[in-house]
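Asks: One predicted model, sequence on top.
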Amino acid sequence: MKTLVLCVDRDDDIGVKTGLRGPIVGREGNLAAATKLGLADPEDSDVNALLSALSIYDGLVKDGSDAVIATICGDVHVGTVSDVELTRQLDQVLVEVRPDRVFLVSDGAEDEAFAPIISSRIRVDHVRRVYVRQTPTAESLYYTIGRQLKNPRVRRKIIGPLGFVLLLFGAIYLTLPYAASGLALILAGLYLIVISLPFSSLRDFFDKAGQQYERVRDSVATGDLSIFFNVSTLILILVGVFFGIDFAGRSGENSYVVQFLRFVFGSIWFFVIGALCFEGGKVSIGLALFLVAVTGLSYRSREERPEPVDET
């Protein structure tokens with residue numbers, strides 16, 4: 001059984017810092033890549049991943065196993081671009097080596113995000129994530145932060161937007177002090193939501209939106225109504241949140257406990273119906289609408305009920 005010890009560099013640090021292009025096949029080539037990358041950036045975690053892959057390869061060869069080591073490199077634009085390049089190199093290595101199984105070596109979760117694509121083409125029998133030991137001291141933390149601040153991706157995605165938010169906060173505070181904090185928090189929240197989405201670029205967003213549209217259209221054409229139940233679930237949850245907030249705000253109580261309980265009381269049925277709709281439409285739309293109507297009418301009747309008059 002031939003084993004491929006595969007090292008994955010999704011963001012192409014090897015190519016950027018050494019000029020080497022993937023795939024790199026063979027012990028000599030990978031040892032040269034590890035040495036060259038270590039000389040260019042001794043603190044890069046990919047150096048440890050390469051050395052760990054070499055150690056696994058040497059152990060297999062020592063035990064008499066038929067093994068080959070290879071490294072595939074993606075692209076600095078992590079996402080669709082890098083995964084397409086990794087897939088191309090992976091197919092090239094599989095055709096050249098023809099292994100029976102893969103031992104995957106990576107330096108973190110970002111590289112392991114490519115693991116499902118590997119397992120769709122060949123059996124993955126082992127995954128090794130390489131951690132770099134750090135001394136937990138203030139000095140180590142200081143140098144770690146300083147090193148990350150030199151990373152162009154960190155500066156582009158974290159430092160730049162943070163500076164923009166602070167600049168905008170200061171500008172608004174000079175004219176509208178009461179609105180500065182809220183607007184700055186809104187902008188920061190929107191940015192965090194955007195960067196948390198699985199899109200590497202605006203083009204990637206439109207590509208995935210088009211794929212999702214095609215998927216929805218095909219499901220509707222085949223009679224699959226799950227999309228309607230999912231949309232209904234989202235609407236019910238949003239309506240429940242608004243009902244709960246409105247009901248809690250009408251209490252006139254300053255106690256957070258009372259307001260929370262009123263929020264739960266005003267929104268719970270919408271959440272229950274939404275959960276039932278999400279479970280594959282196990283409740284009919286008619287029953288869901290009926291319960292929503294009953295909840296809304298009971299809520300309205302409670303609000304319109306006159307307050308008791310204190311005769312004393």
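Replies: Thanks, I have the structure now. Bear in mind the structure is a predicted one, so any value in this text is a computation, not a measurement. Residues are numbered from 1 along each chain as shown.

Asks: The nearest residue to Gly240 once chain neighbours are set aside: neighbour count?
Replies: Closest residue to Gly240 apart from its sequence neighbours, by Cβ to Cβ, 6 or more residues apart in numbering: Phe270 at 2.8 Å. For every residue, glycine as well, the C-beta is placed using N, CA and C. Residue crowding around Phe270 was assessed by other Cβ atoms under 10 Å; the count is 25.

Asks: From Ala53, how far off is Phe270?
Replies: 52 Å (Cβ to Cβ, to the nearest Å).

Asks: quick one, phi/psi of Ser106?
Replies: When read as degrees, to the nearest 10, the backbone of Ser106 gives phi -140, psi 170.

Asks: That one and Val8 touch, don't they?
Replies: Yes - judged on Cβ atoms under 8 Å, Ser106 makes contact with Val8 at a distance of 5.3 Å.

Asks: For Asp91, give me its contacts.
Replies: Arg121 (Cβ atoms under 8 Å, 6 or more residues apart in numbering).

Asks: Can you classify it by secondary structure?
Replies: When classified by DSSP: H, G, I helix; E, B strand; the rest coil, Asp91 comes out as helix.

Asks: Thr3 reaches Ala67, doesn't it?
Replies: Yes - with contact defined as Cβ under 8 Å, Thr3 reaches Ala67; the gap is 4.6 Å.

Asks: Overlap of the contact sets of those two?
Replies: Joint contacts of Thr3 and Ala67 (Cβ under 8 Å, 6+ apart) are Leu60.

Asks: State the helix or strand in which Ser232 lies.
Replies: Using DSSP states H and E, Ser232 sits within helix 226-249.

Asks: need the next SSE after that helix, C-terminal direction.
Replies: That would be, after helix 226-249 and using DSSP H and E, helix 256-278.

Asks: average pLDDT for that following helix?
Replies: For helix 256-278, mean pLDDT is 78.

Asks: helices or strands next to that helix in the packing?
Replies: helix 226-249, helix 285-304 (3 or more Cβ pairs under 8 Å, 6 or more residues apart in numbering; DSSP states H and E).

Asks: Tell me the buried residues in the first one?
Replies: Counting neighbours by 16 or more other Cβ atoms under 10 Å, one finds that the buried residues in helix 226-249 are Phe229, Asn230, Ser232, Thr233, Leu236, Ile237, Val239, Gly240, Phe243, Gly244, Phe247, Ala248.

Asks: can you check stretch 102-115 too?
Replies: Buried-residue list, stretch 102-115, by 16+ other Cβ under 10 Å: Val102, Phe103, Leu104, Val105, Ser106, Asp107, Asp111, Glu112, Ala113, Phe114, Ala115.

Asks: May I have the beta-bridge partners of the fourth one?
Replies: According to DSSP bridges, Cys7, Arg128 are recorded as the beta-bridge partners of Val105.

Asks: Need the pLDDT of it.
Replies: 90.

Asks: Helix or strand: which one has Asp218?
Replies: Assigned by DSSP H and E, Asp218 falls in helix 202-221.

Asks: Can you give me the buried ones in that helix?
Replies: For helix 202-221, by 16+ other Cβ under 10 Å, it's Asp204, Val216.

Asks: got the CA coordinates for that helix in CSV?
Replies: Written as CSV, here are the backbone C-alpha positions of helix 202-221 (Å, rounded to 0.1, in the frame of the first residue of the first chain):
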residue,chain,number,x,y,z
LEU,A,202,-17.1,40.3,-4.0
ARG,A,203,-16.9,38.1,-7.1
ASP,A,204,-16.9,35.0,-4.9
PHE,A,205,-20.0,36.3,-3.2
PHE,A,206,-21.9,36.7,-6.5
ASP,A,207,-20.6,33.3,-7.7
LYS,A,208,-22.0,31.6,-4.6
ALA,A,209,-25.2,33.6,-4.7
GLY,A,210,-25.7,32.4,-8.3
GLN,A,211,-25.0,28.8,-7.3
GLN,A,212,-27.5,29.1,-4.4
TYR,A,213,-30.1,30.5,-6.8
GLU,A,214,-29.6,27.6,-9.2
ARG,A,215,-29.9,25.2,-6.3
VAL,A,216,-33.1,26.8,-5.1
ARG,A,217,-34.6,26.8,-8.6
ASP,A,218,-33.8,23.1,-9.1
SER,A,219,-35.3,22.2,-5.7
VAL,A,220,-38.5,24.0,-6.5
ALA,A,221,-38.7,22.4,-10.0
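
Asks: Give me the angle between that helix and helix 226-249.
Replies: With axes from the mean of the first three to the mean of the last three Cα atoms, to 10 degrees as the basis, helix 202-221 and helix 226-249 are set at 110 degrees to each other.

Asks: In terms of pLDDT, where does Gln89 sit?
Replies: Predicted confidence (pLDDT) for Gln89: 93.
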